[in-house]
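[1] Sequence first, then the predicted structure:
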Protein chains: 2
Amino acid sequence: MQQKEPWIVIAAICASLIFLATGSISEAGKTVALPGQPTVSFQQYAGYITIDEQQKRALFYYFAEAETDPATKPLVLWLNGGPGCSSIGAGAFCEHGPFKPSGEILLKNDYSWNKEANMLYLESPAGVGFSYSANDSFYTHVTDEITAQDNLVFLERWFDEFPEYKGRDFFITGESYAGHYVPQLATLIVQSKAKFNLKGIAIGNPLLEFNTDFNSRAEFFWSHGLISDDTYEIFTTVCNYSQIRRQYQSGSLSLPCSAVNSQVSREVSKYVDAYDVTLDVCLSSIESQSQVLNQMEYTGTIDVCVEDETIKYLNRKDVLEALHAQLVGVDQWTVCSDVVKYEMENLEISTVPLLAKLLKSGIRVHVYSGDQDSVIPLTGTRTVVNGLAKELGLNTTVPYRTWFQGKQVAGWTQVYGNILSFATIRGASHEAPFSQPERSFVLFNAFLEGKQLPPPTVY
Amino acid sequence: MQQKEPWIVIAAICASLIFLATGSISEAGKTVALPGQPTVSFQQYAGYITIDEQQKRALFYYFAEAETDPATKPLVLWLNGGPGCSSIGAGAFCEHGPFKPSGEILLKNDYSWNKEANMLYLESPAGVGFSYSANDSFYTHVTDEITAQDNLVFLERWFDEFPEYKGRDFFITGESYAGHYVPQLATLIVQSKAKFNLKGIAIGNPLLEFNTDFNSRAEFFWSHGLISDDTYEIFTTVCNYSQIRRQYQSGSLSLPCSAVNSQVSREVSKYVDAYDVTLDVCLSSIESQSQVLNQMEYTGTIDVCVEDETIKYLNRKDVLEALHAQLVGVDQWTVCSDVVKYEMENLEISTVPLLAKLLKSGIRVHVYSGDQDSVIPLTGTRTVVNGLAKELGLNTTVPYRTWFQGKQVAGWTQVYGNILSFATIRGASHEAPFSQPERSFVLFNAFLEGKQLPPPTVY
């Protein structure tokens, strides 16, 4: 270990004194200028909202106001899933935030969602990213219920810090395990009669119904050429994917299911990104950490290593300081938490009944799916949404059709009762705005405006 | 109609006189320098081989010798399908020939197959491209049998013109309906004991077995998000795709099948290329012929309008002259024939038994599939190859696994008995070398060398 130079220690003490003079870490609403960022016209804030004063549990957020006219634009909360992954590390820096890290600097994202909304990114539950519980017994058994309750407290207190947003049109968005977080939080808001102006929710490649979502994976692998006919066969005769997942979570993977899982893993291979079966993989993420990044060949325009860049960036001392963030009980910021022990049986909670109740309360529900994702494939999601529409007796108001970004097909969509909608994003991964930023931006705009996705223009 | 200027008529007569002085159109082996081409080191030839002197039936070919050491490299025949489409217009100019047309000029193709082989592109049967029958009654009923026989006569006479190639390692390759042409021609060669040194055949996205290949389309559409759950359902209850196709071909599309077809067409839409469900479409090919090409936005590196460019290029008077080609009985060169009336019931001929016989004769068979193609999807092809291996009792010698181009997964492969192999090409269309030229080139090389497709390199 290198000894710290005395001047570093002194500098750290000075920084702490300045910090103490300007406010405590639980003070919200701190403006932010991020190291390496280009000049921008909008305000950014980052900080902690204390959820539990006694247990010293606080959630960290990053808030980017809209690029233009923030006072006229809606407020959008974004939640990544996991469970246990960071909305700032994934959503903000890899998907649809104002900037993308690239080496020492931040590049402007042309398709940032803060062009159309005031974007609030929350690291939740405590233990994720910079969010923490000083009492680390909290981490031993985190549940959907705790997460939703903490998120509600966060919102109530955040609105107190930003009162000008309290009556604003409000949307909750997220992806993957946020298929649990988003409807659960929205339901609590409706139940608690909180005075938030919740208009709608949008969830991408969401986990909604355990068996349907996970079992659709086998057919997706097969139809996209990732597994053989024989291997597809064993998914229906020996062990299906939801069984594998269930057993794996409970730590009791049976021999037959283990054998199926091994065969699938071998055929799919670690060199294919299950979250996007067509995209290149970031090799440094797999096994060549020692390789110099710029010696690698990438053919596409998507930086498949942006997550690596984000990890480097968010662990820089100057970045932590600029964000008013602290590492509490962890050595470094990680995209997905190493400390949170999430109750994995919660994965089996179906959130479809919550979606039904939200729809009955007049909350718009938009479910979208990046179509290259084998983890929560479009096929399972489409079936779940279809079933929900039937259960509620919602008639199809826009039959299954293509939607457009520019002059090309950006995906397919179907709308039920003008309140529930499904869309695929063509060529998009599990984290759709990462691999198809422009198409995702068009979809986000249509969602906010409550409009149909663009049909082909006549030309 | 515009009147021809007298000087054009005179120029045409002069050109004919020069032409007659230098040789007849049936003379083979003419060297070629294509208008707008860059300087190259290899020889090119183009011309006609007469198949039937009485009926004046002649097939047109384009032959590009290998870039380096042609005397040491194998000879490869390439056949496009249709039936009725041009191997020169598709294979040579859009896929893997030495050049790709771009406006007035030809660009060098970095992944041209003539880097590794002497490439012979044949327009077959007569009526396709520049190939013709002066007696146009030939066109009224063309069959697989006639095509294969004419192709055999072509080869015999072509080898007479190019005797140095007669003992050379010889491979027959092709795609789509060449799933009929290639095994049928190879079988005739084996049966006729022709003195060609046939080593193997390779067929991409081939039509092999009518029901399996066409019915796999429904699931491909569904699993890739192009049709809804409801529409997929009617494929199994109302009318399946092979029924639609069969009825359409016989001109007796029933009302239920017609309704299914309409619903599918509406959902898939004309703005999606069924031959590559992820690639942009060439809008000028669809409905905006009046648009100026360079005003359009294309995001990828693949020129999706290269077929349009090829049509323009191959109809240029100077190009026809350079190729020693004539338009006989047609106004212009087309990618797929307007005059040939192919016996469409021939589509139902299974070529799987021919593949079995070829394998028994020791001919290597490689079947590959661009995995973005919904017309002849990988799923049907994989099932057919699997079934063939089982029927012949060929054990798996390379289990289903990924193969690599550079450091990324280029597709999946399985090998049976070291003689029959299957491979997908990831991110590739029906015409795989068009959309994935580099990956296709790697696959082509491995095929020629009789080697396994590259596994991951350890790094």
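    Perfect, I can see it now.

[2] Please, where are all the strands along chain A?
    A:30-31, A:44-52, A:57-64, A:75-79, A:99-102, A:105-108, A:118-123, A:132-133, A:169-175, A:197-204, A:364-370, A:396-405, A:408-416, A:420-425 (DSSP state E).

[3] So for the second one, what gets flagged as buried?
    If you call a residue buried by 16 or more other C-beta atoms under 10 Å in any protein chain shown, then strand A:44-52 has these buried ones: A:44, A:45, A:46, A:47, A:48, A:49, A:50, A:51. Glycine gets a C-beta too; all of them are placed from N, C-alpha and C.

[4] partners of it, with directions?
    Strand A:44-52 sits in its sheet next to strand A:30-31 (antiparallel), strand A:57-64 (antiparallel), going by DSSP bridges.

[5] what do you get for the last one?
    Sheet pairing of strand A:420-425 (DSSP bridges) gives strand A:364-370 (parallel), strand A:408-416 (antiparallel).

[6] Using PDB, write out the CA atom coordinates for the longest one.
    Same thing as strand A:408-416. Presented in PDB, the C-alpha positions along strand A:408-416 are these (Å, rounded to 0.1, in the frame of the first residue of the first chain):
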ATOM      1  CA  GLN A 408     -37.300   3.700 -40.700                       C
ATOM      2  CA  VAL A 409     -39.300   1.300 -38.600                       C
ATOM      3  CA  ALA A 410     -38.300   1.900 -34.900                       C
ATOM      4  CA  GLY A 411     -40.500  -1.000 -33.600                       C
ATOM      5  CA  TRP A 412     -44.000  -2.200 -33.200                       C
ATOM      6  CA  THR A 413     -46.800  -1.000 -30.900                       C
ATOM      7  CA  GLN A 414     -50.300  -1.900 -29.700                       C
ATOM      8  CA  VAL A 415     -52.600   0.300 -27.600                       C
ATOM      9  CA  TYR A 416     -55.500  -0.800 -25.500                       C
END
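
[7] ok, residues contacting it?
    Strand A:408-416 is contacted from outside by A:368, A:371, A:385, A:389, A:392, A:394-404, A:421-426, A:428, A:436, A:439, A:442-443, A:452-454, B:225-226, B:228, B:267, B:269, B:271-272, B:280-281, using C-beta atoms under 8 Å, 6 or more residues apart in numbering or on different chains.

[8] Among those residues, the buried ones, what's the ChimeraX command?
    Here is the ChimeraX command that selects the buried residues among the contacts of strand A:408-416 (16+ other C-beta under 10 Å):
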select /A:368,371,385,389,392,394,398,400,401,402,403,404,421,422,423,424,425,426,428,436,439,442,443,453,454 /B:225,226,228,267,269,271,272,280,281
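
[9] rewinding a little: can you redo the strands paired with strand A:420-425 as JSON lines with mean pLDDT?
    JSON lines is the format used below for the strands paired with strand A:420-425 (pLDDT from 0 to 100):
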{"stretch": "strand A:364-370", "mean pLDDT": "98"}
{"stretch": "strand A:408-416", "mean pLDDT": "95"}
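
[10] Can you lay out the ones you listed as TSV showing distance to residue B:39?
    Formatted as TSV, these follow (distance: least, C-beta to C-beta, whole Å):
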stretch	distance to residue B:39
strand A:364-370	46
strand A:408-416	37
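
[11] Start and end of stretch A:67-87, how far apart?
    Distance across stretch A:67-87, first residue to last, is 20 Å (C-alpha to C-alpha, to the nearest Å).

[12] quick one: residue A:267 from chain B, how far?
    5 Å (C-beta to the nearest C-beta, to the nearest Å).

[13] Spatially, and excluding backbone neighbours, which residue is closest to that residue.
    Once flanking residues are discounted, residue A:267 sits nearest to residue A:227: 4.7 Å by C-beta to C-beta, 6 or more residues apart in numbering or on different chains.

[14] is it true that the one you found touches residue A:266?
    No. Counting by C-beta atoms under 8 Å, residue A:227 does not reach residue A:266; the two are 9.5 Å apart.

[15] The two: which is more packed in?
    residue A:227 (25 against 15; other C-beta atoms under 10 Å in any protein chain shown).

[16] could you list every residue that touches the most centrally placed residue in chain A?
    The centroid of chain A falls nearest to residue A:80 when counting by C-alpha atoms, centre = their mean (2.3 Å). Residue A:80 is in contact with A:86, A:87, A:89, A:90, A:91, A:174, A:175, A:176, A:177, A:178, counting by C-beta under 8 Å, 6+ apart.

[17] Specify which member of these is nearest to chain B.
    Of all those, chain B sits closest to residue A:175, with 17.0 Å by C-beta to the nearest C-beta.

[18] Residues of the stretch 101-250 of chain A that sit close to chain B?
    A:219, A:220, A:222, A:223, A:224, A:225, A:226, A:227, A:228, A:229, A:230, A:231 (C-beta under 8 Å from any C-beta of the partner chain).

[19] Could you single out the nearest of the residues you listed to residue A:325?
    For those, the closest approach to residue A:325 (C-beta to C-beta) belongs to residue A:220, at 37.6 Å.

[20] Neighbours of that closest one, how many?
    Residues near residue A:220, counting by other C-beta under 10 Å: 25.

[21] surely it meets residue A:376?
    No. The criterion here is C-beta under 8 Å, and residue A:220 misses it with residue A:376 at 9.6 Å.

[22] Do you know the pLDDT at residue A:348?
    Note for residue A:348: predicted pLDDT of 96.

[23] residues in contact with it?
    Neighbour list for residue A:348: A:210, A:246 [criterion: C-beta under 8 Å, 6+ apart].

[24] and the residue in the stretch 251-400 of chain A that chain B sits nearest to, how far is that from residue A:218?
    Closest to chain B within the stretch 251-400 of chain A is residue A:400: 3.7 Å, counting by C-beta to the nearest C-beta. Computed as C-beta to C-beta, to the nearest Å, the residue A:400 to residue A:218 distance reads 23 Å.

[25] Same check on residue A:341?
    Distance of residue A:341 to residue A:218, given as C-beta to C-beta: 29 Å.

[26] The two: which has the busier surroundings?
    Using other C-beta under 10 Å, the more surrounded residue of residue A:341 and residue A:218 is residue A:218, with 24 against 13.

[27] ok, that one touching residue A:241?
    Yes. In this structure, residue A:218 is within contact of residue A:241 by C-beta under 8 Å, at 5.3 Å.

[28] Need the residues touching each of those two.
    residue A:235.

[29] Got the confidence number for the residue nearest to residue A:349 when sequence neighbours are not counted?
    Excluding the flanking residues, the one nearest residue A:349 by C-beta to C-beta, 6+ apart is residue A:144, at 6.1 Å. Per-residue pLDDT puts residue A:144 at 98.

[30] try the one 5 residues further on
    The predicted local distance difference test score for residue A:149 is 98.

[31] Nearest residue to it in space, please, no chain neighbours.
    Distances taken as C-beta to C-beta, 6+ apart place residue A:188 nearest to residue A:149, at 7.0 Å, with adjacent residues excluded.

[32] how close does that neighbour get to chain B?
    Counting by C-beta to the nearest C-beta - residue A:188 and chain B are separated by 31 Å.

[33] for residue A:49, same thing?
    Distance, residue A:49 to chain B, using C-beta to the nearest C-beta: 39 Å.

[34] you'd agree that residue is up against residue A:157?
    Yes. The criterion here is C-beta under 8 Å, and residue A:49 meets it with residue A:157 at 4.8 Å.
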